[in-house]
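Trainee: What follows is a predicted structure for the sequence shown.
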Amino acid sequence: MENLEPLIRHGLFDAKVPRYTSYPPANHFQNGVGHRNQLEWLSAVNEGEDVSVYIHIPFCKRLCWFCACRTQGTQTMRPVEAYVDILLKEIAAVMAHLPEGIAMGRLHLGGGTPTILTPQIMGKLLDAVFDAFTPSADFEFSVEIDPTEASPELLGTLVDYGMNRASIGVQDFDPKVQEAIGRLQSLEQTWDVVRYLRGRGVEAINLDLLYGLPFQTEESFRTTLDHVIAMDPDRLAIYGYAHVPWMSKRQVLIKEETLPDTMARFGLARIAHDVLTGKGFMPIGIDHFAKKTDSLYRADQNGGLRRNFQGYTDDPSATLIGFGASAISRFKGGYEQNAAATSAYQERVLESGLAGHKGYRMTATDDVVAAMIEELMCRFCFPTEQLQEQFPDHSAAIRQTAVSLMSQYPDVFCLTAGGLEMREETYALVRVVASYVDRFTAEGIAHAAAI
Ligand SMILES: C[S@@+](CC[C@H](N)C(=O)[O-])C[C@H]1O[C@@H](n2cnc3c(N)ncnc32)[C@H](O)[C@@H]1O
Ligand code: SF4
């Protein structure tokens, strides 16, 4: 076993730190400002700019106990159909505020379970999306797929509309683990979806796994890894299970005494790393693995890797437009989040067309901290000179942050020509380091500005 002492000393096993899928994290968004910002930022999107589009489908037939996503259970299509009608109204309202000629570089359907839609309802939604946005030359269309809720007809409809990346939820294949997280999903169901998609020419397949689930052992997790490797995915996301029953009420069904402790979680993450890299997958950021032929790996190699709400992306767009309940949009000026509850979302769209509720307007300081944290989360480095060139007005604060990082974490960073780089054996600490930068720089710059 490697030397864990620096990881322990710097708080890896006790720290409660954000995942930094955005900076600032979504819990810093403020109520009541989303709608006002949304109008201004939509009109400020540049003519001819490529944007990314995210559509949230907050419905599932089953509600898995472990799941922390914004979703609700339904056994009938009636609420889903009504929701899609509202989505169409929201798309029309957003288009009325956007300049002409906006192309769509990425389309992602997430949830919840987008594959709960019937082929007819999906067709209606996608017709509206493609009427509104013209796909760009390198268009990527990805969908989150629950293999237990994905008919061949629906998958066929998605492929007909151009879906070229599938993100398939697995979590774990061990029956005891599946039972303890309220998500039964056979190997065969998963294989059926993988085979169908490959047969229809969808080459880019992601699988999602979780470590830190109840009853997971090193042995059981190795078996799950063997099963997913046999499916030959292009990309894997191996997330740490977030047990947050105070936020996600259904998690109270998971017995805490059955969860692996933090040290065991670390061991499971290590196993995933060792097994997957042993099979030729390249580690990307903190929790993704990709084949060398996958676009995420290419982005990682050429400096184009970015952080987004799905984790990591190669999406270069500065603007992400989110549709649906709780969906978050990212603009150059900041973030806007739609009302989270489906009913509140629907009311807002019916009232004014747009559903913006919470938001965050980025300050000049936030832009600097966001760039620092994205560098850490994506490339495990603090490129002092590059950041100073990018933000010349904050040059002194950037240098001060680098000095402070080196003195706080002398055994984590080493000096490079243009800045600092984390040592590979300390990569697991990156969120702890990012939260230090978050506090140090935000407070440091605010203080400097006040003098
Ligand atoms: C929104 S879910 C949708 C997937 C799809 N409905 C399915 O069930 O396959 C996307 C991913 O979020 C991850 N996720 C959900 N709850 C989580 C939690 N509590 N902690 C960490 N990741 C979680 C899971 O890996 C899941 O595959
Ligand atoms: S994991 Fe997927 S199917 Fe299960 S509750 Fe979450 S979104 Fe729904």
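Mentor: It's in. Numbers count the residues shown, from 1 in each chain. Ligands and ions are numbered 1, 2, ... in the order given.

Trainee: hey, let's count contacts and neighbours off CA atoms from now on
Mentor: Will do.

Trainee: looking at this, Y20 is in a helix?
Mentor: No: with DSSP: H, G, I helix; E, B strand; the rest coil as the criterion, Y20 is assigned coil and is not in a helix.

Trainee: Per-residue pLDDT of it, please?
Mentor: Per-residue confidence for Y20 comes out at a pLDDT of 93.

Trainee: now do A442
Mentor: 62.

Trainee: do H357 as well
Mentor: Note on H357: pLDDT of 92.

Trainee: residues touching the most centrally placed residue in the chain, list them.
Mentor: Among the residues of the chain, the one closest to the centroid is Q310, at 1.5 Å (C-alpha atoms, centre = their mean). Neighbouring residues of Q310 by C-alpha atoms under 8 Å, 6 or more residues apart in numbering: T21.

Trainee: For the stretch 201-350 of the chain, just list every one of the helices.
Mentor: 218-230, 262-278, 295-301, 342-352 (DSSP state H, counting those that start in this stretch).

Trainee: out of those helices, which comes closest to ligand 1?
Mentor: Smallest distance to ligand 1 across these (C-alpha to the nearest ligand atom): 12.6 Å, for helix 262-278.

Trainee: one step back: possible to save the helices of the stretch 201-350 of the chain as TSV with mean neighbour count and distance to T416?
Mentor: Shown next, in TSV, are the helices of the stretch 201-350 of the chain (neighbours: other C-alpha atoms under 10 Å; distance: least, C-alpha to C-alpha, whole Å):
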stretch	mean neighbour count	distance to T416
helix 218-230	17	36
helix 262-278	17	26
helix 295-301	19	18
helix 342-352	17	49
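
Trainee: of these, which approaches L117 most closely?
Mentor: helix 342-352 (16.2 Å; C-alpha to C-alpha).

Trainee: For the nearest residue to D314 once chain neighbours are set aside, give me its contacts.
Mentor: Leaving aside its chain neighbours, D314 sits nearest to L305 (5.1 Å; criterion: C-alpha to C-alpha, 6 or more residues apart in numbering). Residues near L305 by C-alpha under 8 Å, 6+ apart: L296, A299, Y312, T313, D314, D315, C378.

Trainee: now for those residues, which pair is the farthest apart?
Mentor: The two members of those with the most space between them (C-alpha to C-alpha) are D315 and C378, at 13.1 Å.

Trainee: shared neighbours of those two, which are they?
Mentor: Common neighbours of D315 and C378 (C-alpha under 8 Å, 6+ apart) are L305, R306.

Trainee: For L207, find the nearest of the helices of the stretch 201-350 of the chain.
Mentor: helix 218-230 (7.6 Å).

Trainee: quick check, the closest one touching ligand 1?
Mentor: No: using C-alpha under 6 Å from any ligand atom, helix 218-230 never reaches ligand 1; the gap is at least 13.6 Å.

Trainee: ok now that helix, how far from the chain's centre?
Mentor: Remark: helix 218-230 is offset 23 Å from the chain centroid, using C-alpha atoms, centre = their mean, to the nearest Å.

Trainee: tell me what that helix is packed against?
Mentor: Judged by 3 or more C-alpha pairs under 8 Å, 6 or more residues apart in numbering; DSSP states H and E, the packing partners of helix 218-230 are helix 262-278.

Trainee: So for the helix it packs on, mean pLDDT?
Mentor: 96.

Trainee: same question, stretch 326-335
Mentor: 95.

Trainee: Identify each buried residue in that stretch, please.
Mentor: Burial within stretch 326-335, assessed by neighbour count using 16 or more other C-alpha atoms under 10 Å, is assigned to S326, A327, I328, S329, R330, F331, G333, G334, Y335.

Trainee: likewise stretch 317-326?
Mentor: T319, L320, I321, G322, F323, G324, A325, S326.

Trainee: Can you pick out the ones from the buried residues of stretch 326-335 that are in strands?
Mentor: Applying DSSP state E to those, the entries found in strands are I328, S329, R330, F331, G334, Y335.

Trainee: How about the fifth one: which residues does it bridge to?
Mentor: Listed beta-bridge partners, G334: F331, R361 (assigned using DSSP bridges).

Trainee: my read: it touches K358, true?
Mentor: No: with contact defined as C-alpha atoms under 8 Å, G334 does not reach K358; the gap is 11.1 Å.

Trainee: in its sheet, what does the top strand by length along the chain sit against?
Mentor: Ranked by number of residues, the top strand in the chain under DSSP E is strand 134-145. Applying DSSP bridges, strand 134-145 is found paired with strand 103-111 (parallel), strand 165-171 (parallel).

Trainee: near ligand 1 at all, it?
Mentor: Yes: using C-alpha under 6 Å from any ligand atom, strand 134-145 reaches ligand 1 at E144, I145.

Trainee: Now do the buried residues in that strand.
Mentor: Result for strand 134-145 [16+ other C-alpha under 10 Å]: buried residues P135, F139, E140, F141, S142, V143, E144, I145.

Trainee: Without its sequence neighbours, what residue ends up closest to the third one?
Mentor: Take E140 and drop its neighbours on the chain: the residue closest to it by C-alpha to C-alpha, 6+ apart is R106, 4.9 Å away.

Trainee: wait, doesn't that neighbour sit right on F130?
Mentor: No: at 11.7 Å, R106 does not count as touching F130 under the criterion of C-alpha under 8 Å.

Trainee: So between those two, which is more surrounded?
Mentor: Comparing R106 with F130 by other C-alpha atoms under 10 Å, the one with more neighbours is R106, at 21 against 14.

Trainee: So what sits opposite that one in the bridge?
Mentor: S52, E140.

Trainee: and the gap between it and ligand 1?
Mentor: Distance, R106 to ligand 1, using C-alpha to the nearest ligand atom, to the nearest Å: 18 Å.

Trainee: before we move on, what about V17?
Mentor: The gap separating V17 from ligand 1 is 14 Å, by C-alpha to the nearest ligand atom.

Trainee: doesn't I328 make contact with E336?
Mentor: Yes: using C-alpha under 8 Å, E336 is in contact with I328, at 5.7 Å.

Trainee: Return the member of the buried residues of strand 134-145 nearest to E188.
Mentor: Nearest to E188, judged by C-alpha to C-alpha, of these is I145 at 15.0 Å.

Trainee: what's the pLDDT at the closest residue to that closest one other than its chain neighbours?
Mentor: Leaving aside its sequence neighbours, I145 sits nearest to I168 (C-alpha to C-alpha, 6+ apart; 4.8 Å). Looking at I168, its pLDDT stands at 98.

Trainee: bridging residues for I168?
Mentor: Listed beta-bridge partners, I168: I145, L207 (assigned using DSSP bridges).

Trainee: Let me see the contact set for it.
Mentor: Contact analysis of I168 by C-alpha under 8 Å, 6+ apart lists E144, I145, D146, P147, I205, N206, L207, D208.

Trainee: Can you pull the residues of the stretch 101-250 of the chain lying near ligand 2?
Mentor: So the stretch 101-250 of the chain meets ligand 2 at G111, G112, T113 (C-alpha under 6 Å from any ligand atom).

Trainee: ok, and which of those reach ligand 1?
Mentor: Among these, proximity to ligand 1 is found for G111, G112, T113 (C-alpha under 6 Å from any ligand atom).
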